[in-house]
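Undergrad: okay, sequence plus prediction incoming.
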Number of protein chains: 2
Amino acid sequence: MITKQAVTHQSIRAIILDRIHKGEWTAGTYIPGEADLAVEFGCSRTTVNRALQQLAEEGLVERRRKRGTRITPMPVAKTTLEIPIIRKEVTARGGTYSHHVLVNEMALPPISVQAQFTISNQKLLHLNTLHLSDNTPFMYEERWVNPAEAPGILEADFKDVSPNEWLVKEVPYSDGDISFSASSASERVAAHLEVPKGAPVFLIERTTRMNDRAITALRMYYPEGFRMTSKL
Amino acid sequence: MITKQAVTHQSIRAIILDRIHKGEWTAGTYIPGEADLAVEFGCSRTTVNRALQQLAEEGLVERRRKRGTRITPMPVAKTTLEIPIIRKEVTARGGTYSHHVLVNEMALPPISVQAQFTISNQKLLHLNTLHLSDNTPFMYEERWVNPAEAPGILEADFKDVSPNEWLVKEVPYSDGDISFSASSASERVAAHLEVPKGAPVFLIERTTRMNDRAITALRMYYPEGFRMTSKL
DNA sequence: AAGTGGTCTAGACCACGTC
DNA sequence: ACGTGGTCTAGACCACTTT
């Protein structure tokens, strides 16, 4: 061999993208089968398959057995958002991180929260935390935790490690939901974030579960100016 | 063979997830090498490799040559957001979609927009569109398009197909940026969305490019109440 | 220098969905 | 029934990183 790995699944991916971009293969077109492409590119079908599977995951291509592979007629834009630990989010922006746990007690959650935990009339751990960057409010978090699903949390000390970080490190989860929205600051939220009541806040609501049992549900309030960014 | 495909990369993935969840493999632990796991599971190394690569993509596992594979000590939560065509977003929520193109003219964009297009003192196509659900404002969009990168757009008729949909269908892109934030409605935005001036709005800013040349940059304003949701 | 993941190959069988 | 993608295998070589 003179060259090493001349044809990789990455290079095939690039060629296909190029053909789409050049208009050689337009939206809706059925492209040749894996076997044909393997011959054309001088590689094994496995390699072509891998490239096409990746493109299918990204939504650029649609594949169905027997029908073949076609360029997605109206691709749905997808982006992967990374939700970092708050401490890292602050330090990545060049700030100095600190936090205060404002509330740490067992309490009866409101009905809306109870619904997410599929419990009724049962106390949960209530944790409200203010996260700061350079001693100014960065994010205010209201959290409920089912201690039965997070062993050790009742004894945890949140002086150095925030509840956010403690849970990420200690309690694995299998799935969850997340939502993003804009909201106006309630009196309580406004006070903690040091913004006027009614000011716009960026709200992230999140629930994590382990096999259908909710571990924690929380709301994170960011003051106006916070941006969540990503690549398409 | 009695059973078919007893050991798949999916089943291996499931086993590994189970071991993490059960605490058998805790955060930071180095797990056996691919070859060892292949022997244990009675399959080829290729299959184990595929399972582990997927877990690595999801951020649950970290892999480095020579070091091996370990459970990510503090996994970063990731979620894939799908940004649908506005029309589909509305109909998926059970509304009847319609739109009005309010502005459609060549104009000199503000400096902030010019910067994204790496142009100077050059006119671009300015398109402002109001999207409605059941005849009430759903989203207001301010868009700039470089006609040189979107051939045919100057002749396009946006009566039936909104600029959003036209571009998705006609102009492929190679990459882009997107950001989400909360903002307060300017007088203009407030008027279009029929909300009070200063009311919270959910703002999505987006730029798409083809090989480093910007095609379109836009801001989408959603009134309070809009939620973008996803699975973790 | 050596160990581990990253990838390719050639062949095989299977599952799905359309014809 | 048959064509296409989905996946596994067994072996091989390579690339990266640490020892």
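TA: The structure has been received and is ready for your questions. Numbers count the residues shown, from 1 in each chain, chains lettered A, B, ... in the order given.
Undergrad: residue contacts, A:P84?
TA: Contact analysis of A:P84 by C-beta atoms under 8 Å, 6 or more residues apart in numbering or on different chains lists A:A92, B:V76, B:A77. Placement of C-beta: from N, CA and C, glycine included.
Undergrad: of those residues, select the buried ones using a PyMOL command.
TA: One line in PyMOL is enough to select the buried ones among the contacts of A:P84; burial here means 16 or more other C-beta atoms under 10 Å in any protein chain shown:
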select buried, chain B and resi 77
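Undergrad: mind putting the contacts of A:P84 in JSON lines, distance to DNA strand D included?
TA: As requested, the contacts of A:P84 are exported to JSON lines (distance: C-beta to the nearest atom of the strand, whole Å):
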{"residue": "A:A92", "distance to DNA strand D": "22"}
{"residue": "B:V76", "distance to DNA strand D": "19"}
{"residue": "B:A77", "distance to DNA strand D": "25"}
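Undergrad: nearest to DNA strand C, of the contacts of A:P84?
TA: Distances from the contacts of A:P84 to DNA strand C were compared by C-beta to the nearest atom of the strand; the smallest belongs to B:V76, at 17.4 Å.
Undergrad: which other helices and strands contact the worst-scoring helix or strand of chain A on mean pLDDT?
TA: Least confident helix or strand of chain A, by mean pLDDT, DSSP states H and E, is helix A:111-117 with a mean of 91. Contact partners of helix A:111-117 among helices and strands, from 3 or more C-beta pairs under 8 Å, 6 or more residues apart in numbering or on different chains; DSSP states H and E: strand A:213-223.
Undergrad: could I get the average pLDDT for the strand it packs on?
TA: When pLDDT is averaged along strand A:213-223, the result is 96.
Undergrad: immediately after it, which helix or strand?
TA: Using DSSP states H and E, the helix or strand that directly follows strand A:213-223 along the chain is strand A:227-231.
Undergrad: of the contacts of A:P84, closest to A:H21?
TA: Checking the contacts of A:P84 against A:H21 with C-beta to C-beta, the nearest one is B:V76 at 31.1 Å.
Undergrad: just the pLDDT at that closest one, thanks.
TA: 93.
Undergrad: right, and A:H192 touches A:P137 too?
TA: Yes. The pair formed by A:H192 and A:P137 meets the contact definition of C-beta atoms under 8 Å, at 6.4 Å.
Undergrad: ok, and which of the contacts of A:P84 reach DNA strand C?
TA: When contact is defined as C-beta under 7 Å from any atom of the strand, the contacts of A:P84 do not meet DNA strand C at all.
Undergrad: and the contacts of A:P84, which is closest to B:S186?
TA: Where these are concerned, and distances follow C-beta to C-beta, B:S186 has its nearest neighbour in A:A92, at 29.7 Å.
Undergrad: can you pull the contacts of that closest one?
TA: Taking C-beta under 8 Å, 6+ apart as the definition of contact, the neighbours of A:A92 are A:P84.
Undergrad: nearest residue to A:T8 other than its sequence neighbours?
TA: In space, not counting the residues next to it along the chain, A:T8 is nearest to A:T47; the distance is 7.2 Å by C-beta to C-beta, 6 or more residues apart in numbering or on different chains.
Undergrad: tell me the secondary structure of that neighbour, please.
TA: For A:T47, the secondary-structure state derived from DSSP: H, G, I helix; E, B strand; the rest coil is helix.
Undergrad: return the distance of it relative to A:R13.
TA: 10 Å (C-beta to C-beta, to the nearest Å).
Undergrad: ditto for A:L37
TA: Distance, A:L37 to A:R13, by C-beta to C-beta: 12 Å.
Undergrad: neighbour count winner among the two?
TA: When A:L37 and A:R13 are compared on other C-beta atoms under 10 Å in any protein chain shown, the one with more neighbours turns out to be A:L37, at 21 against 18.
Undergrad: can I take it that that one is in a helix?
TA: Yes. Judged by three-state DSSP, A:L37 forms part of a helix.
Undergrad: list the contacts of it.
TA: Shown in contact with A:L37 (C-beta under 8 Å, 6+ apart): A:I12, A:I31, A:V48.
Undergrad: per-residue pLDDT of it, please?
TA: As summarised for this prediction, A:L37 has a pLDDT of 95.
Undergrad: what's A:F158 in contact with, if anything?
TA: For A:F158, the contact set (C-beta under 8 Å, 6+ apart) comprises A:H99, A:V101, A:N104, A:L127, A:T129, A:W166.
Undergrad: again, but for A:T47
TA: For A:T47, the residues meeting the contact criterion (C-beta under 8 Å, 6+ apart) are A:V7, A:T8, A:H9, A:I12, A:A38, A:F41.
Undergrad: please, where are all the helices along chain A?
TA: Defined through DSSP state H, the helices belonging to chain A, from first to last, are A:9-21, A:34-41, A:45-57, A:86-92, A:111-117, A:163-170, A:187-193.
Undergrad: of these, which stretch is the most buried?
TA: Ranked by average neighbour count under the criterion mean count of other C-beta atoms under 10 Å in any protein chain shown, those are headed by helix A:163-170 at a mean of 20.
Undergrad: avg pLDDT for it?
TA: Mean predicted confidence for helix A:163-170 is 94.
Undergrad: and it, is it in reach of chain B?
TA: Yes. Contact check for helix A:163-170 against chain B, using C-beta under 8 Å from any C-beta of the partner chain: residues in range are A:E165, A:V168, A:K169.
Undergrad: stretch A:184-201 too?
TA: Yes. With C-beta under 8 Å from any C-beta as the threshold, stretch A:184-201 lies in contact with chain B, specifically through A:S184, A:A199, A:P200, A:V201.
Undergrad: straight-line length of that stretch, end to end?
TA: Distance across stretch A:184-201, first residue to last, is 6 Å (C-alpha to C-alpha, to the nearest Å).
Undergrad: ok, stretch A:222-232 next?
TA: Across its full length, stretch A:222-232 reaches 23 Å between end residues, using C-alpha to C-alpha.
Undergrad: what lies in contact with that stretch?
TA: By C-beta under 8 Å, 6+ apart, the residues outside stretch A:222-232 that reach it are A:77-82, A:137-139, A:180, A:193-195, A:199-204, B:81, B:173, B:175-184, B:206, B:208.
Undergrad: 7 Å instead, please
TA: Applying C-beta atoms under 7 Å, 6 or more residues apart in numbering or on different chains, the set of residues contacting stretch A:222-232 from outside is A:77, A:79-81, A:137, A:139, A:193, A:195, A:199-202, B:175-184, B:208.
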